[in-house]
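**Student:** Let me see the structure of the following:
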Amino acid sequence: MTEDNDPRLPLDTGVSAAPLDLPPPGMGRGRWLGMLALVALAAGAGFFVAARRAPPPAAPVVAAPEAPFAAEDVVGMARLMPKGDVAVVAAPYGSGDARVAEILVAEGARVDKGTPVARLDNEAALQSAILAAKADLAVREAALVQVKAAVQASRDEAQAALDQARSAATEAAASLTRTEALHARGVATTATLDAVRATAEETRLAVIRAEATLARYTAVALEAQPDVTVAERNLAAARASLARAELDLERALVVAPITGTVLDVIATPGGKPPSDGILTMGDVGQMMAEAEIWQDRIGFVKPGQRVSLLSRAFPAPLSGRVESIGLTVGRQGLISEDSAANTDARVVKVLIALDPEASKQAAGLTDLEVIAHIDTAAKVTP
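**Tutor:** Next up is the predicted model:
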């Protein structure tokens, strides 16, 4: 074998190569295996020690169930309202097809009972009816005066006729006496005597007729005469017609039924009065709340108990107290925002009077729905 084919000879590159310090064959592999075994043993021992020192895994935390309401807790939906509730001011009865001519108040105005709040367009026609009734009354008054004067004149005439008949009868009686004396002496004939007797009888009957005529006017007082009575009845009818016309004029004005604040103006000038009223009013000086309490909870509610009213419209709950409890059970009218709420519940209405400060806060929020929490555990305040 030549030198070029000997693998143990180093290549001649012109650079002296340092001799390699390699472990002997067979000895390097055993050393590396030993080192790996030691590392594995150390790792296993460390894991075992760490496992013994680590705390046991914590048990899963189970949230405690929320405590249910106490047996005496009472909560229900409620709405704010003025004392006596909202008064609907409608057109007067019998206003017919009259339309609203003018609204005399604005929302938020404070008005007294009986104050006009609106005017209808039938005022002119009703004013004309009053003028006609007054004219008819004047005619009836004049007719009564005329009838009284006529009755008095007839009475005076009857008295004069009686006086004349009596005078004629007296004269006829005297003439009969003279004629009988003359006839007894034979101076007057029988025919003359008969004529005088007939005249005397006629005058006597005339007196009777005159007395009967006068008796018709003297039997009763002047005011009780039939003609006067008829005239007075006609006058009374005319007065009644005038009074009715004046009452009808009140149909042209819509007045406040209570003393309070105008909450909402519903009607507009020129339109027919709405079926739900011209406007609404309420005494917001004392605000109330009407709560609907489930029938199975009403037994815990007593007058005088303190009440908290909660709503997002107020920074803090409104306070009040139970004023009265309804006497009937009805269907629920206020519905919670909860879609799963029972909309067919049977409830009893409880009236709550708000405290003065709470009443001021709620004065401008009539019909606001709130949540009423009645403190049935606290002592009732009188």
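**Student:** is it true that G320 touches L354?
**Tutor:** Yes. The criterion here is CB atoms under 8 Å, and G320 meets it with L354 at 4.2 Å. Yep, even glycine has a C-beta here, placed from its N, CA and C like the rest.
**Student:** SS state for the closest residue to E246 other than its chain neighbours?
**Tutor:** Spatial nearest neighbour of E246, excluding adjacent residues (CB to CB, 6 or more residues apart in numbering): I130 at 6.0 Å. Under DSSP: H, G, I helix; E, B strand; the rest coil, I130 falls in the helix class.
**Student:** swap in P273?
**Tutor:** Assignment for P273 (three-state DSSP): coil.
**Student:** Wait, it touches L279, no?
**Tutor:** No. Judged on CB under 8 Å, P273 makes no contact with L279 at a distance of 10.1 Å.
**Student:** Find residues that contact each of the two.
**Tutor:** Common contacts of P273 and L279, defined by CB atoms under 8 Å, 6 or more residues apart in numbering, comprise A267.
**Student:** who's more crowded, the two?
**Tutor:** For P273 versus L279, neighbours defined as other CB atoms under 10 Å are more numerous around L279 (24 against 20).
**Student:** Now that that one has come up, it's in contact with T268, right?
**Tutor:** No. Counting by CB under 8 Å, L279 stays clear of T268, with 11.0 Å between them.
**Student:** Overlap in contacts, the two.
**Tutor:** I103.
**Student:** Show me where the stretch 251-382 of the chain has its strands.
**Tutor:** Counting by DSSP state E, counting those that start in this stretch, the stretch 251-382 of the chain has strands at residues 253-255, 260-265, 279-294, 306-310, 318-325, 330-331, 346-354, 369-374.
**Student:** Can you spell out which helices and strands pack onto the second one?
**Tutor:** Put plainly, it is strand 260-265. Here strand 260-265 touches strand 74-89, strand 110-111, strand 279-294, going by 3 or more CB pairs under 8 Å, 6 or more residues apart in numbering; DSSP states H and E.
**Student:** For the last one, which helices and strands make contact with it?
**Tutor:** This means strand 279-294. Using 3+ CB pairs under 8 Å, 6+ apart: strand 279-294 touches strand 74-89, strand 260-265, strand 306-310, strand 318-325, strand 346-354, helix 356-362, strand 369-374.
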